[in-house]
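J.: no sequence on this one, just coordinates:
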Ligand SMILES: Cc1cc2nc3c(=O)[nH]c(=O)nc-3n(C[C@H](O)[C@H](O)[C@H](O)COP(=O)(O)O)c2cc1C
């Protein structure tokens, strides 16, 4: 079988991506005082050389307090633009596109130096902290402008698009979930109210950067087995609202830190059999059905190029996105293009998660 569809060029907004392979956002924890280091540039040029069409960076902090990890990358002030420009230029030398993923850790912040903030004060078992609930004024005067300004800086840094990280229990996703959002103001309650923060960020960014810079989103489509969490039906309703707002692409995801230690390890499921692959396929399929004019990026356990080819060919998704397989094999798209269609060698055991705490991003078992 030829992988005709996977190696076809396609657009997100008006940015042309040379094929359908996306590197899903993967935290590096290798920045130097928040700036992309030479090590990060090497990581991304290796991926670019390996044939992927679009790279999404690991989560970039929109504010000093919003970082995912101690050595996370930042873009919370203009002083970071130059070093990000070095990174985007290096990737562009390979005819590969790069998106900044922008994030606020919110309730899941593990960085003790800063207070954890969230829509509501709900204990987070992984850090043992109770976040402080944000006031309405803080949301409108601080949080939304943090994302808008950071998106503007991504544009000025030469990124081809920006991805809002609204998944995995971090701040934006915690607004969407009824488990973490108990607010009674305009940012809580109904689905429309819980989605308001995303719509306001989207509109603010559009005002700031115009209509030609794609804004994409990694979207919490479900909380998984979390009692009282976000259901897929609610996730779909949120996807519909933001697609109507004009978002250029949705990458459906799910899960978060509250499920760590259970069998349900969403977002990075430990895959033991081929039947466990493609675990966000039905979410992507259902979101595709109810959204128009919005590209769908299928993510989560994509390991087999022949299945991936079929998903694109059938129109279930426009792009496929991978994280762990590209840690093990940065040149996976090239291998598949060369005619070797053996599925990804990654065993999806999640050992790569430990590597980032030691300042590398690799499969320790390789
Ligand atoms: C080491 C590691 C770091 C990750 N960091 C991020 C991140 O910064 N932002 C994000 O949205 N997802 C992050 N993820 C999740 C991945 O993007 C992806 O959604 C998940 O691993 C499932 O895709 P896969 O089966 O292709 O690995 C990370 C995953 C791994 C393994």
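T.: Alright, I've got the coordinates. Because the structure is predicted, anything quoted here is derived from the model rather than measured.
J.: for the residue of the stretch 151-300 of the chain found nearest the ligand, what are its contacts?
T.: Closest contact between the stretch 151-300 of the chain and the ligand, by C-beta to the nearest ligand atom, is at residue 268 (3.7 Å). Where you see a C-beta, it was placed from the backbone N, CA and C, and this is true even at glycine. Counting by C-beta atoms under 8 Å, 6 or more residues apart in numbering, residue 268 touches 323, 324, 348, 350, 353.
J.: show the pLDDT at it.
T.: Predicted confidence (pLDDT) for residue 268: 86.
J.: gap between it and residue 183?
T.: 29 Å (C-beta to C-beta, to the nearest Å).
J.: what ranges do the helices span in the stretch 201-350 of the chain?
T.: 232-245, 281-290, 305-313, 324-328, 332-337 (DSSP state H, counting those that start in this stretch).
J.: how about the contacts made by residue 23?
T.: Contact partners of residue 23, counting by C-beta under 8 Å, 6+ apart, are 47, 52, 54, 55, 56, 321, 322, 323, 326.
J.: ok, for residue 74, nearest residue in space, not its chain neighbours?
T.: Closest residue in space to residue 74, ignoring its immediate chain neighbours: residue 34 at 3.2 Å, by C-beta to C-beta, 6 or more residues apart in numbering.
J.: enumerate the residues of this protein near the ligand.
T.: Residues of the chain lying near the ligand by C-beta under 6 Å from any ligand atom: 24-27, 58-59, 101, 165, 167, 218, 253, 267-268, 299-302, 322-325, 352-353, 356.
J.: where does pLDDT dip in the stretch 51-200 of the chain?
T.: Nowhere does the stretch 51-200 of the chain drop to pLDDT under 70.
J.: next one, pLDDT for residue 265 please.
T.: On the pLDDT scale, residue 265 gets 65.
J.: part of a strand, is residue 99?
T.: Yes - when classified by DSSP: H, G, I helix; E, B strand; the rest coil, residue 99 is found to be part of a strand.
J.: middle-most residue in this protein, spatially?
T.: Nearest to the mean C-alpha position of the chain, by C-alpha atoms, centre = their mean, lies residue 218 at 4.3 Å.
J.: how about JSON lines for the contacts of residue 268, with distance to residue 72 added?
T.: What follows is the contacts of residue 268, written out as JSON lines (distance: C-beta to C-beta, whole Å):
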{"residue": "323", "distance to residue 72": "16"}
{"residue": "324", "distance to residue 72": "19"}
{"residue": "348", "distance to residue 72": "24"}
{"residue": "350", "distance to residue 72": "19"}
{"residue": "353", "distance to residue 72": "15"}
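J.: now which of those would you call buried?
T.: Buried positions within these, assessed by neighbour count (16 or more other C-beta atoms under 10 Å), are 323, 324, 348.
J.: neighbours of residue 198, just the number please.
T.: 24 (other C-beta atoms under 10 Å).
J.: quick check: residue 336 touching residue 2?
T.: No - applying C-beta atoms under 8 Å, one finds residue 336 not in contact with residue 2, separated by 11.0 Å.
J.: what ranges do the strands span in the stretch 51-200 of the chain?
T.: Remark: strands assigned in the stretch 51-200 of the chain by DSSP state E, counting those that start in this stretch are 54-61, 73-74, 97-103, 117-118, 132-133, 161-166.
J.: reformat the ones you listed as CSV; add mean neighbour count.
T.: Output for the strands of the stretch 51-200 of the chain, formatted as CSV (neighbours: other C-beta atoms under 10 Å):
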stretch, mean neighbour count
strand 54-61, 28
strand 73-74, 26
strand 97-103, 27
strand 117-118, 26
strand 132-133, 16
strand 161-166, 27
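J.: please convert those strands to TSV, extending it with distance to residue 224.
T.: Below are the strands of the stretch 51-200 of the chain laid out as TSV (distance: least, C-beta to C-beta, whole Å):
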stretch	distance to residue 224
strand 54-61	20
strand 73-74	27
strand 97-103	20
strand 117-118	19
strand 132-133	24
strand 161-166	16
